[in-house]
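>>> everything below, folded, please.
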Amino acid sequence: MTVRVRKSFRWRTVSAPLMLALVLFCVLWPGQASAWWNDQWSLRKKITIDTGPSGAGISESIGTTPILVRLHVGNFRFGAAKDDGGDLRFVAADDKTPLKHHVEKFDPLLGEALVWVSVADLKPGTKNEIWLYYGNQKAPAAVDAKGSYDPDALLVYHFAERGTPAQDSTAWANAAQSLVPGADGAIIGQGARLDGQTPLMLPGAPALAVAEGGELSWSVWLKMAAPQPRAVLFARHDGANGLIIGLDNGVPFVEVTNAGSVQRSGEGAAIASSTWHHLAVTAKSGQIALYLDGNPFSTLAASLPTLTGPAAVGRDTLATVAEPAASAPLPDASATDAAAAAADPAAAPAAAATVGFVGDIDELQIAKTARPAGFIKLAAIGQGPDQAKLISFSVDEETASWISGYFAVILKSVTLDGWVVIGILAIMMVISWIVMIDRVSYLNRIAKGNRLFLKHFRESATDLEGLLQFDREETDASIAGKSDTQDHKAIHSAPLHRLFHIGVQEIRRRFSANGGGPRLLSPQAIQSIRAVLDSGFIHETQRLNKMMVMLTIAISGGPFLGLLGTVVGVMITFAAIAASGDVNVNAIAPGIAAALVATVAGLAVAIPALFGYNYLTIRIKDSTNEMQVFVDELVTKMAESYHQQPDRPRRQAAE
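Presented below is the predicted three-dimensional model:
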């Protein structure tokens, strides 16, 4: 019963640190970091899209949308990426699903990049996360502008081209039909400059056609040079039908003409000139909504008429035809209206009452569906100067992210007392490893020496007289000429040889004391020699167990020292939180994780020492058993060869 209890206690003592190590390993190992999307990419960072109250504050539905990711030297290491940004990869929050993206601009010299990423089913009112991977010089480019937009997006102009008409980034390829000057320093890279005279003509592609009562989304970034009456931003006509979006002395408006009947949105506050604003219009189910900077501005209870053919941006083409000369100064609106009404009253609202928009525009988008309010608000915030409310970047993580990413953050949070404990444990670890290496090396040497000694011991003699001669020859460079110098050294370092030498010396000492008398050993002498051999056996056992106590200290003391560091670290963490009053997960987690490092260090000391101790104990036990067997064998040979018999002295004397 006692033996069973001890075995059970020993098992529990050994298994407890192992179970704790397994639990801590699972807790500290970061799940996302271990799920590294592709190890060929050496760097990654987490991008958080915050649509909650702490960020953009979007509560309406958003859906799948392209997100503008602005990279600069403050949040991106351009030196680690390819010169053209071809190694950029975006992955969903599951760290498995690649996201479509395309690069509008990537300039490593200026340290600026503009990348559009399609994020599927973006949730309002919460934090959404994606991953940015880079740092793979061998990676092929994987940009997909057409895949970055859903099929409902009919036209997207970034105006990043120079010297060529604007190109459509969607799959519909609705490129511009005319060229307008570029505008550097726009809200998103390069924009387009409109002078009020030369419009940007859009194609009359069937995909851009609007059915009667159909849906539409239209948006643009604009910077007005100066307020003008009825300045046209977008105009499209189809006979007596028409759609005009513009600014009337800085007030955004939308105007619908259906079979000659004109409806216009209500008034509102004017925007300031020389500032960027996001203007959007949606039409659905007999309701046209106008948005300014992501917020509802005005509504119009009207349906879209049938609209086919080309459209113009920056000037109404009908107004251009009605005016006598395109280069003439723009007349006052009231005078124009009066002249047009006198000549042809029906033509006045469609042509003479409008002027061209003067200013810069950027990011023109048209979709064949009415985008939800959350979609428009996210575009206004995420593409504008307030993008920091929506998008934030984490620090870079390396490929071995659990070490260079999360674990680096944990180590930075370790307090001084934790480092003291970890330092002591490091010293214990070094000592335990030195002991284990030394003991393994020593056991290997003596195992070889014992094996060679027993081989020669059993082959050289069958009685003790031959063994005594064997011991004399062993003082030479070889054993009976059968072993080389290396084997000779191995044999002399063997515990069996040292025990044999002790026994032989005791025999010779007794024979020398007997002078020329009979070479016999009494039972008392044999027992005395046995006692000396047992003493040598104890010394050899002590030599085998030399420094093994350091392993037992590491096994039992390492976890307790680590636990001490963890407890003190947790106490300091909670004390700091109580002093600062900042109670949140971000404040608690680093300190707790750092405190657990001490426990991990203690287990890192104890577990290898435990395995090494058990292995060495088995090896030492085998060696001691071998020595015990040899002592019995040697004493048996002495008793057989020199045991004193009653008639032997008389027979020797007679001879």
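>>> how about the helices in the stretch 501-650 of the chain?
523-544, 548-580, 585-642, 648-654 (DSSP state H, counting those that start in this stretch).
>>> which one of the ones you listed lies nearest to residue 90?
Counting by CB to CB, residue 90 lies closest to helix 585-642 out of the helices of the stretch 501-650 of the chain; the figure is 25.0 Å. All C-beta spots, glycine's among them, are computed from the backbone N, C-alpha and C.
>>> could you find the closest non-adjacent residue to residue 243?
For residue 243, ignoring the flanking residues on the chain, the nearest one in space by CB to CB, 6 or more residues apart in numbering is residue 236 at 5.0 Å.
>>> counting neighbours, what do you get for the one you found?
Neighbourhood size, residue 236 [other CB atoms under 10 Å]: 26.
>>> what sits against it?
Residues in contact with residue 236 (CB atoms under 8 Å, 6 or more residues apart in numbering) are 210, 242-243, 307, 309-312.
>>> mind checking which of the residues you listed are buried?
Buried by 16 or more other CB atoms under 10 Å: 210, 242-243, 307, 310-312, out of the contacts of residue 236.
>>> return the member of those nearest to residue 42.
residue 311 (47.1 Å).
>>> name the nearest residue to the closest one, sequence neighbours excluded.
That would be residue 236: by CB to CB, 6+ apart, it lies 3.8 Å from residue 311.
>>> adjacent strands (with direction) for the strand or helix carrying that neighbour?
According to DSSP states H and E, residue 236 maps onto strand 231-238. Paired with strand 231-238 in the same sheet, following DSSP bridges, are strand 241-248 (antiparallel), strand 311-313 (antiparallel), strand 355-356 (parallel).
>>> name every strand pairing with the helix or strand following the longest one and say which way it goes.
Per DSSP H and E, the first helix or strand lying C-terminal to strand 241-248 is strand 251-258. According to DSSP bridges, strand 251-258 has the following sheet partners: strand 241-248 (antiparallel), strand 261-264 (antiparallel).
>>> quick check, distance from the last one to the centre of its chain.
Shown here is strand 261-264, whose average C-alpha point lies 57 Å from the average C-alpha point of the whole chain (CA atoms, centre = their mean, to the nearest Å).
>>> tell me the angle the next helix or strand after that strand makes with strand 241-248.
Per DSSP H and E, strand 261-264 leads on to strand 276-284 as the next helix or strand towards the C-terminus. With axes from the mean of the first three to the mean of the last three CA atoms, to 10 degrees defining the directions, strand 276-284 sits at 150 degrees from strand 241-248.
>>> now strand 276-284: mean pLDDT?
Averaging pLDDT along strand 276-284 gives 97.
>>> that older thread, quick one: pLDDT of the residue nearest to residue 311?
For residue 236, the pLDDT comes out at 95.
>>> ok, now the one 10 residues further on?
Per-residue confidence at residue 246 stands at 97 (pLDDT).
>>> what about the closest residue to it other than its chain neighbours, distance to residue 170?
Spatially, and ignoring its direct neighbours in sequence, residue 246 is nearest to residue 232 (4.4 Å; CB to CB, 6+ apart). Using CB to CB, to the nearest Å, residue 232 is found at 24 Å from residue 170.
>>> neighbour count: those two, which is higher?
The residue with more neighbours, out of residue 232 and residue 170, is residue 232; 27 against 23, by other CB under 10 Å.
>>> show me what the more buried one is bridged to.
Beta bridges link residue 232 to residue 246, residue 356 when assigned by DSSP bridges.
>>> go ahead and confirm it touches residue 244.
Yes - Residue 232 is within contact range of residue 244, at 5.9 Å (criterion: CB atoms under 8 Å).
>>> ok so residue 449 is a helix residue?
Yes - assigned with DSSP: H, G, I helix; E, B strand; the rest coil, residue 449 falls within a helix.
>>> on that earlier part again, so which of the strands paired with strand 251-258 is the most packed in?
strand 241-248 (a mean of 23; mean count of other CB atoms under 10 Å).
>>> what residues does stretch 48-64 touch?
Applying CB under 8 Å, 6+ apart, the contact partners of stretch 48-64 are 67, 118-130, 150, 372-375, 377-378, 381-382, 389-394.
>>> residue 111 reaches residue 78, doesn't it?
Yes - here residue 111 lies in contact with residue 78, judged by CB under 8 Å, at a distance of 5.6 Å.
>>> of those two, who's got more company?
With neighbours defined as other CB under 10 Å, residue 111 and residue 78 compare such that residue 78 has more, 20 against 14.
>>> for the spatially closest residue to that one that is not a sequence neighbour, the count of nearby residues, please.
If the residues on either side of it in the chain are set aside, residue 78 comes closest to residue 108, at 4.2 Å by CB to CB, 6+ apart. By other CB under 10 Å, 16 other residues sit near residue 108.
>>> ok, now residue 395?
10.
>>> and residue 301, backbone torsions?
Geometry field for residue 301 lists phi and psi as phi -80, psi 90, criterion degrees, to the nearest 10.
>>> so it touches residue 289, yeah?
No - Residue 301 is beyond contact range of residue 289, at 10.6 Å (criterion: CB under 8 Å).
>>> the more surrounded of those two?
The neighbour comparison of residue 301 against residue 289 (other CB under 10 Å) goes to residue 289, with 20 against 9.
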